[in-house]
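1. show me how the following folds:
(one chain, ligands or ions: 2)
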Amino acid sequence: MKAVHFGAGNIGRGFVGLLLHEAGYEVVFADVADTLIAQLAAADSYSVHEVGENPAVRTVDNFRAVNSGTQEAQLIEEIATADIVTTAVGPHILKFVAPAIAKGIASRAAGLPPLQVMACENAINATDILRESIVSSWDEAAGSLADAAVFANTAVDRIVPNQEPGQGLDVTVETFYEWVIDRTPFGGAAPVIPGATFVDELGPYIERKLFTVNTGHASAAYFGFEAGLEKISDAMADEDVAADVRAVLDETKQLLVSKHGFSYDEQEAYVQKILARFTNPHLPDTVHRVGRAPLRKLSRHERFIGPAAELAERGIVPEALLGAIAAALRFNDPADAEAVELGQILADSEPAAATERITGLAQDHPLFAAVCGLVEERKAEDVAAPA
Ligand SMILES: NC(=O)c1ccc[n+]([C@@H]2O[C@H](COP(=O)([O-])OP(=O)(O)OC[C@H]3O[C@@H](n4cnc5c(N)ncnc54)[C@H](O)[C@@H]3O)[C@@H](O)[C@H]2O)c1
Ligand SMILES: O=P(O)(O)OC[C@@H](O)[C@@H](O)[C@H](O)[C@H](O)CO
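-> Ligands and ions are numbered 1, 2, ... in the order given. Predicted structure coming up:
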């Protein structure tokens, strides 16, 4: 059994690659980072260090590596003969990996079972996003895409920080993990991945993960950044930050319980577990990594505006989420390209235009005025800031 996995970064090596390896797949890592691919090609194995409660070390071997930027023919051949393709490259990168996947699917020999494609990104229905890009570059002469590939959405959860320099290919991760996969597209032929959970209705799980783990995590990052803190565990040790994060998760809990029918107690236990994960002092995770790409995180269906908009539509003012959105607007990390772009939008546009551009909210949406007020305040701060 062979899996081609795009993105040999933190979650690629520390989670998806590990679980596929443990399921018995030979893993072919595809990435555009030359040094990383050279390291993987030269190595026989790497270690995944699980830190926190019940720490453990797992070894991943039986992998190969291909440079998806420079070795297209080899990549297509690998995909043509694979059982599974997974990605962990970032939602905005999916469109760039899609053409090679389309060519690989088109090159499969007749009689092979359909290629099983799963995007493992923090985004609602990331595999659907990937499939749309594959459809756009699909060559109709190759026959029916639906006959040659099956696409399943997934929700992936494991905190994998940026790795310390000098660690080579080894990855430090938390002990917790969850990979939930939509079973329905496989029609009885789902892959056997012992570390994954297959469900018939994935939607509630994806939203619960994104609007609890990622909303809470990003809130800790932005409040922590405002407080001048570096590590997520230090941010969570700050009483004010922890209280603000907790208040945000109370609001998303209210939405998730009423929208998806999770019981109040079940959702509270989920929140408690996640708050404990954020405090893990053994994870060298930073507000910079977790807060990365604020424009993506502030977009319409993402972890802040998504739940806040739905609460506002239900007549609830999401005060705590608005506080986190205000903190996100202040994430002016000069090393983050999206944070720099956010600053530029705030500087160059009128509040209403900036709000529309950053959040995708329509001006007549019940959340718009409140967010626009925050944008206005943020702009005023910049004007007032000393040069
Ligand atoms: N790190 C986590 O805790 C975590 C947990 C769950 C989900 N995720 C999601 O997983 C995805 C990856 O996150 P990460 O933390 O591993 O990031 P990362 O930056 O560590 O890894 C991304 C990898 O993708 C590679 N890449 C970029 N463009 C590419 C391309 N065109 N083709 C092939 N490879 C390409 C990069 O070189 C990098 O190695 C994101 O969607 C993220 O939201 C991350
Ligand atoms: O990967 P992002 O940028 O969408 O979000 C940053 C973190 O919140 C995220 O990577 C978490 O560590 C992960 O989603 C935990 O499962």
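
2. residues in this structure within reach of ligand 1, list them.
-> Neighbours of ligand 1 within the chain, by Cβ under 6 Å from any ligand atom: 6-12, 30-33, 36, 68, 88-91, 93, 96-97, 121-122, 156, 158-160. C-beta coordinates here come from the backbone N, C-alpha and C atoms, glycine included.

3. narrow those residues to those that are buried.
-> 6-12, 30-32, 36, 68, 88-91, 93, 97, 121-122, 156, 158-160 (16 or more other Cβ atoms under 10 Å).

4. tell me the domain ranges of this protein?
-> For the chain, automatic domain parsing gives the domain ranges 2-201, 204-384.

5. quick one: mean pLDDT for the last one?
-> Looking back up the chat, that one is domain 204-384. Taken as a whole, domain 204-384 has a mean pLDDT of 97.

6. which secondary structure state does whatever residue of the stretch 151-300 of the chain ends up closest to ligand 1 sit in?
-> Relative to ligand 1, the nearest point of the stretch 151-300 of the chain is residue 160 (3.8 Å; Cβ to the nearest ligand atom). When classified by DSSP: H, G, I helix; E, B strand; the rest coil, residue 160 comes out as coil.

7. look at it and report its pLDDT.
-> 97.

8. give me the neighbour count for the closest residue to residue 349 other than its chain neighbours.
-> Leaving aside its chain neighbours, residue 349 sits nearest to residue 357 (6.4 Å; criterion: Cβ to Cβ, 6 or more residues apart in numbering). Residues lying near residue 357 (other Cβ atoms under 10 Å) number 15.

9. distance of residue 357 relative to residue 340?
-> From residue 357 over to residue 340 the distance is 15 Å, taken as Cβ to Cβ, to the nearest Å.

10. can you name the element that comes right after the one helix or strand residue 21 maps to?
-> Using DSSP states H and E, residue 21 falls within helix 17-22. On the C-terminal side of helix 17-22, the closest following helix or strand by DSSP H and E is strand 26-31.

11. list the contacts of that following strand.
-> 1-9, 12-13, 17, 20-21, 37, 40, 60, 62-68, 75, 78, 82, 97 (Cβ atoms under 8 Å, 6 or more residues apart in numbering).

12. which ones among those residues map onto strands?
-> Per DSSP state E, strands hold the following members of these: 2-6, 60, 63-67.

13. how about residue 55, phi and psi?
-> Backbone torsions of residue 55, given as degrees, to the nearest 10, read phi -60, psi 150.

14. surely it touches residue 172?
-> No. Counting by Cβ atoms under 8 Å, residue 55 stays clear of residue 172, with 10.1 Å between them.

15. what residues are shared contacts of the two?
-> With Cβ under 8 Å, 6+ apart, residue 55 and residue 172 have common neighbours residue 49.

16. those two - which one has more neighbours?
-> Taking neighbours as other Cβ under 10 Å, residue 55 and residue 172 compare with residue 172 leading, 21 against 11.

17. pLDDT at the residue nearest to the more buried one when sequence neighbours are not counted, what is it?
-> Distances taken as Cβ to Cβ, 6+ apart put residue 49 closest to residue 172, at 4.7 Å, once the chain neighbours are dropped. Looking at residue 49, its pLDDT is 97.

18. residue 49 contacts residue 169, doesn't it?
-> No. With contact defined as Cβ under 8 Å, residue 49 does not reach residue 169; the gap is 11.7 Å.

19. done for today, thanks.
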